[in-house]
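Visitor: please find the sequence and the predicted model below.
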Amino acid sequence: GAVVSQHPSWVICKSGTSVKIECRSLDFQATTMFWYRQFPKQSLMLMATSNEGSKATYEQGVEKDKFLINHASLTLSTLTVTSAHPEDSSFYICSARDAPGAGGYTFGSGTRLTVV
Amino acid sequence: SQQGEEDPQALSIQEGENATMNCSYKTSINNLQWYRQNSGRGLVHLILIRSNEREKHSGRLRVTLDTSKKSSSLLITASRAADTASYFCASNTGNQFYFGTGTSLTVIP
């Protein structure tokens, strides 16, 4: 089946630094990928929709200058958390549509970000 | 917010019992999906039900969908300790989908 690889699985960084998270579709092309954030014991909140070759669409309340999304190829989307702060500590998950019309989405295994 | 609601928020049952979780969503959907998440891990897709379907089975899972009420339910029969996890519904509007608030299920051995 379709596989989405997310890297790193966990990262600890200092306040003020930037962190890049990668999301790769391993055996299919994903024109659209999605980035979610999940705080402890809460549900996933959609942050942005990433479209290959164009600018990402951000959900209301998500700072596009803080959460930079690049979807430069059909198999890779990256999320960069810039100038990270402790309140950015969260679980970030990406997903990709695994085939046109399939109706199903494949999720990465998530990245646990801790900002100290 | 497009986020759906799930109830109960938490459910604790004995092994062998059935577990039922309910989900309500807000907009018209193409399909609705249920996912499982073990603590601190990614999501595992369980089952998808299309908007023109009313019920679907997969192993010990049974999903119903009522589009007139914008609601769905997930039934896990003969629960096992390994079923302990959080369960989320996700309503797919076509281009993206939105997760419910989740149900934390604990199955006591």
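Guide: Thanks, I have it.
Visitor: use CA for all of it now, contacts and neighbours both
Guide: Fine.
Visitor: nearest residue to the residue in chain A positioned nearest to chain B in space, please, no chain neighbours.
Guide: Taking Cα to the nearest Cα, chain B has its nearest neighbour within chain A at residue A:109, 4.0 Å off. Spatial nearest neighbour of residue A:109, excluding adjacent residues (Cα to Cα, 6 or more residues apart in numbering or on different chains): residue B:42 at 4.0 Å.
Visitor: over to the one you found: give its phi and psi.
Guide: For residue B:42, the backbone dihedrals are phi -80, psi -170 (criterion: degrees, to the nearest 10).
Visitor: and it, what pLDDT?
Guide: pLDDT recorded at residue B:42 is 81.
Visitor: give the contact list for the residue nearest to the spatial centre of chain A.
Guide: The residue lying closest to the centre of chain A (Cα atoms, centre = their mean) is residue A:35, at 3.6 Å. Applying Cα atoms under 8 Å, 6 or more residues apart in numbering or on different chains to residue A:35 gives the contacts A:46-50, A:79, A:92-95.
Visitor: do residue A:69 as well
Guide: Residue A:69 is in contact with A:50, A:55-56, A:77-80, counting by Cα under 8 Å, 6+ apart.
Visitor: repeat the analysis, applying 7 Å as the threshold.
Guide: Taking Cα atoms under 7 Å, 6 or more residues apart in numbering or on different chains as the criterion, residue A:69 is in contact with A:50, A:56, A:78-80.
Visitor: of these - the most surrounded one?
Guide: residue A:50 (27 neighbours; other Cα atoms under 10 Å in any protein chain shown).
Visitor: so for the nearest residue to residue B:54 once chain neighbours are set aside, what's the pLDDT?
Guide: Spatial nearest neighbour of residue B:54, chain neighbours left out: residue B:65 (4.9 Å); criterion: Cα to Cα, 6+ apart. Residue B:65 carries a pLDDT value of 97.
Visitor: how about the contacts made by residue B:65?
Guide: Per Cα under 7 Å, 6+ apart, neighbours of residue B:65: B:53-55, B:71-73.
Visitor: next one: it from residue B:7, what distance?
Guide: 15 Å (Cα to Cα, to the nearest Å).
Visitor: wait, residue B:21 touches residue B:5, no?
Guide: No - Residue B:21 is beyond contact range of residue B:5, at 10.7 Å (criterion: Cα atoms under 7 Å).
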